[in-house]
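**Student:** I would like the atomic coordinates for the input below:
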Amino acid sequence: MDDDEAITRSLAGDLDAYEVLVTRYSAVAHRTAGLLGAGEEAQDVVQEAFVKAFRHLGGFRRDSAFKPWLLRIVANETHNLSRSRGRRADLAMRLGLEREPYEPEDPEGVAVAADGRSRLLEAVRRLPDREREAVVCRYFLQLSEAETAEVLGVRLGTVKSRTFRGLRRLREEVGRELLR
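**Tutor:** Coordinates of the predicted model:
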């Protein structure tokens, strides 16, 4: 069942159809919440996002894709969580960087790769919120610029400038070798 059919059936009251959407997008919603700062509360954020998405499914524009719409709700819920707790949560990230050409059992290679990932994660944590959100959506969640704009509720040019500034800061802080 594709998204459009699942949405149509969900609007008609078929909860099994909505479960298809939950199953399909749960993993990316959890990654999004974690990467945007929900930390240990990512499960709660995602659950609330799916509830809100279901409640507002009637207002969903059918000519748009469901995934960016849902991820925008997740991003908003994560932002609400961050505001309500009054501090920035640690990011619970999984990096999608290419591995160094070391054997997995090579202790030196494992240590070097772990150090590089740690430095990058720390640098991403220190980015200003808006730049971090753009970088996370583009490079950790692998969303297009258009999808990122929709998720963050900003214009395409804003995504481009925030991403550019975020990557520039990361290059300065982490070093060009790690980001190549």
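**Student:** Which elements pack onto the strand or helix carrying K160?
**Tutor:** According to DSSP states H and E, K160 maps onto helix 156-174. Using 3 or more Cβ pairs under 8 Å, 6 or more residues apart in numbering; DSSP states H and E, the elements in contact with helix 156-174 are helix 107-126, helix 129-135, helix 145-152, helix 176-179. Any C-beta I mention is one placed from the backbone N, CA and C, and that applies to glycine too.
**Student:** and these, which one is worst for confidence?
**Tutor:** Among the helices and strands packed on helix 156-174, helix 176-179 carries the lowest mean pLDDT, at a mean of 48.
**Student:** Please list all residues in contact with W69.
**Tutor:** 53, 60-61, 150 (Cβ atoms under 8 Å, 6 or more residues apart in numbering).
**Student:** any chance of those residues in TSV, plus secondary structure, distance to L71 and neighbour count?
**Tutor:** As requested, the contacts of W69 are arranged in TSV below (DSSP: H, G, I helix; E, B strand; the rest coil; distance: Cβ to Cβ, whole Å; neighbours: other Cβ atoms under 10 Å):
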residue	secondary structure	distance to L71	neighbour count
A53	helix	10	22
F60	coil	13	15
R61	coil	15	7
E150	helix	8	21
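**Student:** can you list those in CSV and add distance to R132?
**Tutor:** Below are the contacts of W69 laid out as CSV (distance: Cβ to Cβ, whole Å):
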residue, distance to R132
A53, 24
F60, 27
R61, 28
E150, 18
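**Student:** Now the two most distant members of those.
**Tutor:** By the measure Cβ to Cβ, A53 and E150 form the most distant pair in the contacts of W69, at 14.0 Å.
**Student:** looking at it, I73 is touching Q47, isn't it?
**Tutor:** No: counting by Cβ atoms under 8 Å, I73 sits too far from Q47 to count as a contact (11.6 Å).
**Student:** Tell me how many other residues crowd V45.
**Tutor:** 28 (other Cβ atoms under 10 Å).
**Student:** how distant is the helix or strand hosting it from the center of its chain?
**Tutor:** Applying DSSP H and E as the criterion places V45 in helix 42-55. Helix 42-55 sits 15 Å away from the centroid of its parent chain (Cα atoms, centre = their mean, to the nearest Å).
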